[in-house]
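1. with the sequence up front, the predicted model follows.
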Amino acid sequence: MSSPISPAPHASDTPYVIDPAGGCPHALNARLRAQGAVAEVVLPGGVPGAVVLGHEALKEFLAHPDVAKDARHFPSLHDGTIPPDWPLRVFANAQGMHTADDADHRRLRSLVGKAFTARQVERLRPRVEELTAELLDDLERAAAESPDGTADLRTHFALPLPMSVICELLGVDPEHRGRLHQLSNTVIIATDTTPAEVMAAVRELVGLMGTIAATRRTSPGEDLTSALIAARESDGDRLSEAELIGTMRLMLVAGHETTLNLISNAVRALCTHRDQLALVLDGKATWSDVVDETLRWDGPVSWFPFRYPTRDLAVEGTVIPQGTPVLAGYTAAGRDEAFHGPDADRFDITRPTAARSLSFGHGAHYCVGAPLARLEATIALERLFTRFPDLDLALPDAELPHQRSFIGNSVEALPVRLTRSA
């Protein structure tokens, strides 16, 4: 085990024990952030770690040259200290650009980056608009057929839109999509699952990804998986099988789970802040403003694993020992009053600093899919509220069940009415 974290003078000496069931993170973030920009935590399974909570501290940490993502810098994972069935091992052991550093990271990122440039993503706009229109019809039909006139916006709209887009990009046939979401949710989002459930889901997910890759090998198409299989670097290097499956898994999960939460959280924010919705419907703000402020105020990812200091590293007065698994506290940084001002808890789409949130990361590992997520979310929100300007939550926001996760940040279901109650 690494040495204990050396806290800043005002920080608590008692590490926070992470609840695997998660919950709404904002009150906890505020309490921990008040003690310092870095907090010592105990990860599920009793593993010591840390979370970086302050905006400037997190920005520095994410781009620091002495911070790595490769789990070879996490000695406790390999020396027998941490058991083989540790549920969070799946994050550390995955192979792909999200767990690679330096030249390996650049090699892997270059293979997928071309598919996610702003220009390439813009070419997807007609398809995203077409899918959005179809799903809004489905949402309206579901509400009309429901005895109480409500429909789950996540099930009928916020999930199938990004899931369809990323699966079409990857060349995943429709019959696999429902199961892929269930598996990715178990592996990545639902942090209250048992080790046995996680490992079984990982095996099935890897197997299903292998099946999809095998199909694309024998029947290549105009999709990203086929391109990854065929890709060659100038020196003749290629993706290993583990890297291929890891990259596909990353693209699938990051390509739909985060956008699902982003759309859901934006809808919740607008329904509970009708003055902000009025601003954008009246043309006094843009749907991009809504997306930016949602990313800051209630981002789709709360605390994301892992990064590892490659030496003892001081972050705003707190020394994080070499090899410590560190979580990136995106939702905490988003409401950091030291950066966003004393009204950081207020949802305000006219906020000039909204675009400077860290929800898509920072530095070399900045989310390659950010342009696609923004495109999907802006189109989804514009078409949804243009068609149903009186759309409202069917339950008070505080009563909506939160995701059972300290990684994902949204609600499990989002029942809505397409017209407001009288």
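-> Here it is on my side, so go on.

2. quick one: classify residue 368 as helix, strand or coil.
-> Following DSSP: H, G, I helix; E, B strand; the rest coil, we place residue 368 in the coil state.

3. and it, backbone torsions?
-> Note on residue 368: its backbone torsions stand at phi -70, psi -20 [degrees, to the nearest 10].

4. excluding covalently adjacent residues, which one is nearest to it?
-> Spatial nearest neighbour of residue 368, chain neighbours left out: residue 116 (4.9 Å); criterion: C-beta to C-beta, 6 or more residues apart in numbering. C-beta here means a position set from N, CA and C on the backbone, and glycine is covered the same way.

5. then residue 380?
-> Among residues not flanking residue 380 along the chain, residue 263 sits closest, at 5.1 Å (C-beta to C-beta, 6+ apart).

6. how close does the residue nearest to residue 368 get to residue 371?
-> Between residue 116 and residue 371 the computed distance is 6 Å (C-beta to C-beta, to the nearest Å).

7. so which of those two has more stuff around it?
-> The neighbour comparison of residue 116 against residue 371 (other C-beta atoms under 10 Å) goes to residue 116, with 21 against 18.

8. give me the pLDDT value at the more buried one.
-> On the pLDDT scale, residue 116 is placed at 82.

9. now residue 219
-> On the pLDDT scale, residue 219 is placed at 89.

10. any low-confidence regions in this protein?
-> Counting by pLDDT under 70, the chain has low-confidence residues at 1-12, 189-190, 232-238, 353-355, 420-422.

11. now the strands for the stretch 1-150 of the chain?
-> Ranges of strands within the stretch 1-150 of the chain are 16-17, 38-43, 47-52, 67-68, 150-152, based on DSSP state E, counting those that start in this stretch.

12. looking at these, which is nearest to residue 273?
-> strand 150-152 (20.7 Å; C-beta to C-beta).

13. who does the closest one pair up with?
-> Within its sheet, and counting by DSSP bridges, strand 150-152 is paired with strand 415-417 (antiparallel).

14. contacts for the strand it pairs with next, please.
-> Residues from elsewhere that reach strand 415-417, judged by C-beta atoms under 8 Å, 6 or more residues apart in numbering: 143, 149-153, 267, 271, 391-395, 400.

15. make JSON lines out of these and add distance to residue 316.
-> As requested, the contacts of strand 415-417 are arranged in JSON lines below (distance: C-beta to C-beta, whole Å):
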{"residue": "143", "distance to residue 316": "48"}
{"residue": "149", "distance to residue 316": "50"}
{"residue": "150", "distance to residue 316": "46"}
{"residue": "151", "distance to residue 316": "45"}
{"residue": "152", "distance to residue 316": "42"}
{"residue": "153", "distance to residue 316": "39"}
{"residue": "267", "distance to residue 316": "35"}
{"residue": "271", "distance to residue 316": "36"}
{"residue": "391", "distance to residue 316": "42"}
{"residue": "392", "distance to residue 316": "42"}
{"residue": "393", "distance to residue 316": "38"}
{"residue": "394", "distance to residue 316": "43"}
{"residue": "395", "distance to residue 316": "40"}
{"residue": "400", "distance to residue 316": "34"}
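
16. only the buried subset of those residues, as a ChimeraX command please.
-> Selection of the buried residues among the contacts of strand 415-417 in ChimeraX, burial being defined by 16 or more other C-beta atoms under 10 Å:
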select :143,150,151,152,153,267,271,391,392,393,394,400
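
17. tally of neighbours for residue 311?
-> Around residue 311 there are 11 other residues, counting by other C-beta under 10 Å.

18. can you list the buried residues in the longest helix anywhere in the chain?
-> The residue-count maximum for a helix in the chain (DSSP state H) belongs to helix 241-271. Going by neighbour count (16+ other C-beta under 10 Å), the buried part of helix 241-271 is 243-271.

19. if I look at the residue nearest to residue 405 when sequence neighbours are not counted, how far off is residue 162?
-> Nearest residue to residue 405, sequence neighbours excluded (C-beta to C-beta, 6+ apart): residue 22, at 4.3 Å. Separation of residue 22 from residue 162 (C-beta to C-beta) stands at 21 Å.

20. next one: the helix or strand hosting residue 184 to chain centre, how far?
-> According to DSSP states H and E, residue 184 maps onto helix 177-184. Between the centre of helix 177-184 and the centre of its host chain there is 16 Å, according to C-alpha atoms, centre = their mean, to the nearest Å.
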